[in-house]
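Asker: Got a predicted structure plus its sequence, pasted below:
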Amino acid sequence: MEQSFLTTFAYAKINLALAILGIRDDGYHELQSVMQSIALHDIVRIRRQGDKLICRCGTLSGPGNLAYQAAKLFLERCDLSQGIEIEIEKYIPIQAGLAGGSSDAAATLRLLNQLYGEPLARNELLELAASCGADVAFCLHGGTMWTTGRGEQLELLNSAPKIDLVLVKPYAGVNTREAYRRFDLAGQGGSLTRTSWEKALTQGPKNIADLLYNDLETASAQMVPQILILKQCLIDLECHGALMSGSGSSVFGIAKGRQHALDVARHL
């Protein structure tokens, strides 16, 4: 008898702020970031099937998919050998700075843990997520987080208020490694003040917009100039503020409300 799928949403994220403090001894960058889940999501489905690990995700199918890699790590950690079938319905664009792959991996870990009766405690699942990639641990938890380290060290912040966002992605994406390489050649990073963010998150969208910050924006815009063009367009259309998310290439604007967001999107 064919088993039915377990299904969950895999939510995208944006970086409301991203500061690069320097390069660590392990070669990764030391970061500070304010990360926020948003409504945009993929749909991830998992079931026991056959005797192989299979991941179907259109052109992103196969062992190269981060969800496949997360499932492989989970099965090895729990000493499981059954076949698993993963199906991912993609809506989050790739190379967009929205953690689409990381979110799918986090959803995969969550579903596998459910499928096998919660063999891993929450902290073990977060540890496994962190080993999959820098954003996977955040995507496993979601919400509004102060993140440090490579992005895997998480601390809860006050939940952001409801914000109407306009999210725009140029056709061209950004390779994250290249963005950091260009930053290292040209830039000096800043830093974030946690207390300022804690205060802004209790005050509303306008105050949040005043603190938007991304050290990678200039480096990524060298590869995809439309990033800064779209950012300026969102500001010209009277968004409270606009910023590139993560390493790009997507840009978001904080609108004045739902109708304003719809008007801005229609104009674009």
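Answerer: Received it, and whenever you're ready, just let me know what you need. Numbering: from 1, shown residues only.
Asker: what number of residues lie near the residue lying closest to G100 once chain neighbours are set aside?
Answerer: Closest residue in space to G100, ignoring its immediate chain neighbours: I92 at 3.4 Å, by C-beta to C-beta, 6 or more residues apart in numbering. (C-beta placed from N, C-alpha, C; glycine too.) Neighbourhood size, I92 [other C-beta atoms under 10 Å]: 23.
Asker: before we move on, what about N207?
Answerer: 16.
Asker: Could I get the phi/psi values of it?
Answerer: Main-chain torsions, N207, degrees, to the nearest 10: phi -70, psi -40.
Asker: what separates the spatially most central residue of the chain from V136, distance-wise?
Answerer: Against the mean C-alpha coordinate of the chain, by C-alpha atoms, centre = their mean, the closest residue is A99 at 2.8 Å. Counting by C-beta to C-beta, to the nearest Å, the gap from A99 to V136 is 8 Å.
Asker: domains for the protein, by residue range?
Answerer: As recorded under automatic domain parsing, the domains making up the chain are 6-156, 165-267.
Asker: quick check: mean pLDDT across the first one?
Answerer: Looking back up the chat, that one is domain 6-156. Here domain 6-156 scores 95 as its mean pLDDT.
Asker: how far out from the middle of the chain is it?
Answerer: Domain 6-156 has its C-alpha centroid displaced from the chain centroid by 9 Å (C-alpha atoms, centre = their mean, to the nearest Å).
Asker: Then the shortest one?
Answerer: Between the centre of domain 165-267 and the centre of its host chain there is 14 Å, according to C-alpha atoms, centre = their mean.
Asker: Now do the strands in the protein.
Answerer: Remark: strands assigned in the chain by DSSP state E are 6-23, 29-48, 53-56, 84-89, 144-149, 153-156, 165-168, 213-214, 241-244, 251-254.
Asker: most neighbours per residue, which of the ones you listed?
Answerer: strand 251-254 (a mean of 27; mean count of other C-beta atoms under 10 Å).
Asker: Given it, what are its sheet partners and their directions?
Answerer: Using DSSP bridges, the strands paired with strand 251-254 are strand 165-168 (antiparallel), strand 241-244 (antiparallel).
Asker: could I get these as JSON lines with distance to S159 and mean pLDDT?
Answerer: Putting the strands paired with strand 251-254 into JSON lines (distance: least, C-beta to C-beta, whole Å; pLDDT from 0 to 100) gives the following:
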{"stretch": "strand 165-168", "distance to S159": "15", "mean pLDDT": "98"}
{"stretch": "strand 241-244", "distance to S159": "19", "mean pLDDT": "98"}
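Asker: want to throw the ones you listed into CSV with distance to L228?
Answerer: Formatted as CSV, the strands paired with strand 251-254 follow (distance: least, C-beta to C-beta, whole Å):
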stretch, distance to L228
strand 165-168, 12
strand 241-244, 8
